[in-house]
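Colleague: return atomic coordinates for the entry below.
(one chain, ligands or ions: 2)
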Amino acid sequence: MNDQLLEKRITGIAGAPGICIGKAYLVDSGGVDVIKKYTLADNEIKTEVARFKTAVNTAKNELKEVIRNTPSALGEHVQILETHLLLFKDKMLYEKTIKSIESKKFNAEWALKTVVDETKRIFKNIEDEYLKSRGADIVHVADRIMLNLTGAVEVNIADIRKRVILVAKDLSPAQTSQIQLDKIMGFVTDKGGTASHTSIIARTLELPCVLGLEKATSQIKNDDIIIVDGLEGIVIINPEEETLLEFEQRKKDYELRQAEVTRTSHLPAKTKDGHVINVMGNIEFAEEVVSVRDHGGDGVGLYRTEFLYMNRDSYPDENEQFEKYREVAELMAPGEVIIRTLDINGDKALKYNTDQLPETNPALGLRAIRFCLKRKEIFKSQLRAILKASNFGKIKILFPMISSLGEVIEAKKLLLQCQSELDQNKIKWDRDIKTGIMIEVPSAAIIADILAKEVDFFSLGTNDLVQYTLAIDRGNEEVAHLYNELNPAVLRLIKNTVEVAEKNNIEISICGEMAGNPINIPLLLGLGIKNLSMYPHGIPQIKQIIRELSFKDAVDLTKEIFRQNNCHDSKNLIRYKYGDTLKL
Ligand code: PEP
Ligand code: MG
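Modeller: Ligands and ions are numbered 1, 2, ... in the order given. Model prediction:
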């Protein structure tokens, strides 16, 4: 029997709900992460040097082609690329690599890698901004050469025009956001954790996916028929007839259930004892606001604006941003729109931010507000765009990744500057605009009482709060089993923040993925949270669940949860009391 056609099941992390069945299409995004090392025989050295030189020339020609095709409006970008052209023969890169092949007998890939690592190390500690950016330029050029040496092809996800299911080692949030929805049915990856931005985007795009499969790319071949069950986190390769029929039925049932709850999505989320909850949607792109409205969302609880900055070659200008923010505000009116300022870096690096060197711990690095307070001109252009748009709907401003009081004060100072700049130019903005902060770093939750004095509202970002409290990389499949929102340490921080908000009479919402997961709803209600924000598709189900709950019972359950010592007991307790209502 042909072994390749035997049905095989692999289990990973349920990334985004839904089931899809179709042909697999393997993409190697980058492909240069695993670089082979071997020693050359003496008679191979000459050929290896020639191979390196050919890769350099090809890379150089490719770059020339890119420059030729870059619109003249992007003049500054072209200038940067032209300086890259000169670096191909740079001593630090070209000569050192050849020397390394000749003297150490390394293969070209390994020689280049060691030279690049050394370059990164040298430039890392340099203060001078100009020199620092030169280091980053060398790395870019080296990446281009490496792609030619390894023969890897950089797949442009946006160009895939087949009706397929993507199979990849990893997909970045930026790549995921480029997926053509009318073609790609879903995707599976070797890497990735529960709360990764990749899975968040997939949920918004309603693309079933399973992440963290570890061996998907080695077990699945192009054109294999696969079933992706994003509800259970299972992938079935070459399913037998019986399995196919079973999953086609499951798919139909799931879609029917979704259609049923969507029919009631316009009804308010009011508990049986009359407690009303504001249920809103999280969006990454302006266009998604339609989905929030269609799914019965009361507003946009989180607009992740960084996605407007991705998949392009330079920062969006103030006017382009203004148009997008205005569009969202107008489409959502009279509902409110919480616009979060740029939360880049971490797993959302901008490829054109070339003056920043790779960080050893990106999640703990120059991310979000830290980046904005350093690059004030970029931050201020966004703040002015938001302020201008505030004249066209109900907008609130949200600062991400706050970890200390100083950051809030500094951000507000810049906001004030932008407001007076607009006043000077007689441009209108909403004088009642509210300012809030994400509570997603443990330090912010602990000093919430201090921060509350400076802001109008809090938004709990549980995705990062779990990551930073429990020291678990939210995108790492190896530690995904430890990632749990019901961990008592996380719950205590949430409780403290809610109590502080109440005491200081400021609003509090929750926009982390925790808010869109049915199992957490009685607890969040019982804690007194009145504003939930989630992926748009999840809104109808969460509203329906709220209508079936009693606030009083939820408060009792919450008290009991706070008596548990671990997340498993809390989970069991919720399952025991609410299993049927929550369809767990
Ligand atoms: C969070 O951290 O919970 C959050 C909502 O922000 P993001 O997922 O974009 O980091
Ligand atoms: Mg966050």
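
Colleague: for Arg474, give its distance to ligand 1.
Modeller: Plainly put, Arg474 is 8 Å away from ligand 1 if you go by C-beta to the nearest ligand atom, to the nearest Å. For every residue, glycine as well, the C-beta is placed using N, CA and C.

Colleague: I should have written Ala501 there, sorry.
Modeller: For Ala501 relative to ligand 1 (C-beta to the nearest ligand atom), the value is 16 Å.

Colleague: so where does that residue fall, helix or strand?
Modeller: Using DSSP states H and E, Ala501 sits within helix 488-503.

Colleague: contacts for that helix, please.
Modeller: 439, 442, 445-446, 448-449, 452, 457-458, 460, 462, 465-466, 469-470, 484, 507-508, 510, 523, 527-529, 561-562, 564-567, 570 (C-beta atoms under 8 Å, 6 or more residues apart in numbering).

Colleague: next: stretch 353-373.
Modeller: Identification of contacts with stretch 353-373 by C-beta under 8 Å, 6+ apart yields 80, 120, 123-124, 129, 132-133, 135-137, 139-140, 341-347, 349, 374, 378-379, 382, 399-402, 407, 410-411, 414, 467-468, 473.

Colleague: again, 6 Å this time
Modeller: Stretch 353-373 is contacted by residues 124, 133, 136, 342-346, 379, 399-402, 407, 410 when judged by C-beta atoms under 6 Å, 6 or more residues apart in numbering.

Colleague: cool, and stretch 534-548?
Modeller: Residues contacting stretch 534-548 (C-beta under 6 Å, 6+ apart): 203-204, 206, 261-262, 265, 269, 271, 277, 279, 281-282, 291-292, 295-297, 515-516, 518, 521, 581.

Colleague: and it, how far out from the chain's middle?
Modeller: Taking C-alpha atoms, centre = their mean, to the nearest Å, one finds stretch 534-548 lying 22 Å from the centre of the chain it belongs to.

Colleague: my guess is Pro17 meets Glu232, correct?
Modeller: No. Using C-beta atoms under 6 Å, Pro17 is not in contact with Glu232; the gap is 9.6 Å.

Colleague: who has more neighbours, these two?
Modeller: Pro17 (21 against 13; other C-beta atoms under 10 Å).

Colleague: contacting residues around that one?
Modeller: Gly230, Leu231.

Colleague: go again with 7 Å.
Modeller: Applying C-beta atoms under 7 Å, 6 or more residues apart in numbering to Pro17 gives the contacts Pro208, Gly230, Leu231.

Colleague: and for Thr435?
Modeller: Shown in contact with Thr435 (C-beta under 7 Å, 6+ apart): Ile397, Lys412, Leu415, Val455, Asp456.

Colleague: please redo it, this time with the cut-off set to 8 Å
Modeller: Per C-beta under 8 Å, 6+ apart, neighbours of Thr435: Lys396, Ile397, Leu398, Phe399, Lys412, Leu415, Val455, Asp456, Phe457.

Colleague: could you do Val290 as well?
Modeller: The contact partners of Val290, taken as C-beta under 8 Å, 6+ apart, are Leu331.

Colleague: just the helices in the stretch 101-250 of the chain please.
Modeller: With helices called from DSSP state H, counting those that start in this stretch, the stretch 101-250 of the chain shows them at 108-124, 129-150, 173-176, 197-205, 216-219, 241-263.

Colleague: SS state for Tyr25?
Modeller: strand (DSSP: H, G, I helix; E, B strand; the rest coil).

Colleague: run through the bridge partners of it.
Modeller: Going by DSSP bridges, Tyr25 is paired in beta bridges with Leu166.

Colleague: show me the shaky parts of the chain.
Modeller: 1-5, 28-36, 69-77, 129, 132, 151-155 (pLDDT under 70).

Colleague: helix, strand, or coil at the closest residue to ligand 2 within the stretch 1-150 of the chain?
Modeller: Nearest residue of the stretch 1-150 of the chain to ligand 2, counting by C-beta to the ion: Gly15, 17.3 Å away. Put simply, Gly15 is strand when judged by three-state DSSP.

Colleague: measure Ser404 to ligand 2 for me?
Modeller: 16 Å (C-beta to the ion, to the nearest Å).

Colleague: what's the closest non-adjacent residue to that residue?
Modeller: Once flanking residues are discounted, Ser404 sits nearest to Ser443: 6.7 Å by C-beta to C-beta, 6 or more residues apart in numbering.

Colleague: could you do Ser381 as well?
Modeller: Glu318 is the one closest to Ser381 (C-beta to C-beta, 6+ apart), at 4.6 Å.

Colleague: ligand 1 contacts on the stretch 101-250 of the chain?
Modeller: Within the stretch 101-250 of the chain, the positions near ligand 1 by C-beta under 6 Å from any ligand atom are Ile200.

Colleague: I'd say Leu211 and Ile200 touch.
Modeller: No. In this structure Leu211 lies outside contact range of Ile200 using C-beta atoms under 8 Å: 11.2 Å.

Colleague: between those two, which one's more packed in?
Modeller: Ranked by neighbour count (other C-beta under 10 Å), Leu211 and Ile200 place Leu211 first, with 29 against 23.

Colleague: and the residue nearest to that one when sequence neighbours are not counted, how many neighbours?
Modeller: Closest residue in space to Leu211, ignoring its immediate chain neighbours: Gly192 at 3.3 Å, by C-beta to C-beta, 6+ apart. Neighbour count for Gly192, taken as other C-beta under 10 Å: 31.

Colleague: look up phi and psi at Gly192.
Modeller: phi 110, psi 140 (degrees, to the nearest 10).

Colleague: that one touches Val210, doesn't it?
Modeller: No. Gly192 is beyond contact range of Val210, at 9.1 Å (criterion: C-beta under 8 Å).

Colleague: separation between the residue lying closest to Thr262 once chain neighbours are set aside and ligand 2?
Modeller: Excluding the flanking residues, the one nearest Thr262 by C-beta to C-beta, 6+ apart is Pro540, at 4.8 Å. Applying C-beta to the ion, the value for Pro540 to ligand 2 is 25 Å.

Colleague: give me the sheet partners of the following helix or strand past the helix holding Ala501 and which way each runs.
Modeller: Note on helix 488-503: by DSSP H and E, the next helix or strand toward the C-terminus is strand 507-510. Partners of strand 507-510 in the sheet, by DSSP bridges, are strand 457-460 (parallel), strand 531-534 (parallel).

Colleague: minimum distance to ligand 1: which of those has it?
Modeller: Smallest distance to ligand 1 across those (C-beta to the nearest ligand atom): 7.3 Å, for strand 457-460.

Colleague: and the angle from the helix or strand just after that closest one to helix 488-503?
Modeller: Counting by DSSP H and E, the next helix or strand C-terminal to strand 457-460 is helix 462-470. Angle, helix 462-470 to helix 488-503, by axes from the mean of the first three to the mean of the last three C-alpha atoms, to 10 degrees: 120 degrees.

Colleague: gap between the residue nearest the centre of the chain and Gln175?
Modeller: Nearest to the centroid of the C-alpha atoms of the chain, with distances taken as C-alpha atoms, centre = their mean, sits His197, at 2.4 Å. As defined by C-beta to C-beta, to the nearest Å, His197 lies at a distance of 11 Å from Gln175.

Colleague: picking that back up, could you check how far the residue nearest to Leu211 is from Val228?
Modeller: Going from Gly192 to Val228 by C-beta to C-beta gives 14 Å.

Colleague: what's the answer for Thr243, then?
Modeller: To Val228, Thr243 is 13 Å away according to C-beta to C-beta.

Colleague: ok, Met438 next?
Modeller: Distance from Met438 to Val228, counting by C-beta to C-beta: 32 Å.

Colleague: more neighbours, those two?
Modeller: Between Met438 and Val228, counted using other C-beta under 10 Å, Val228 has the larger neighbour count: 30 against 25.

Colleague: was I right to think that one contacts Ile184?
Modeller: No. With contact defined as C-beta under 8 Å, Val228 does not count as touching Ile184 (11.2 Å).

Colleague: who touches both of those two?
Modeller: Jointly contacting Val228 and Ile184 under the rule C-beta under 8 Å, 6+ apart are Ile165.
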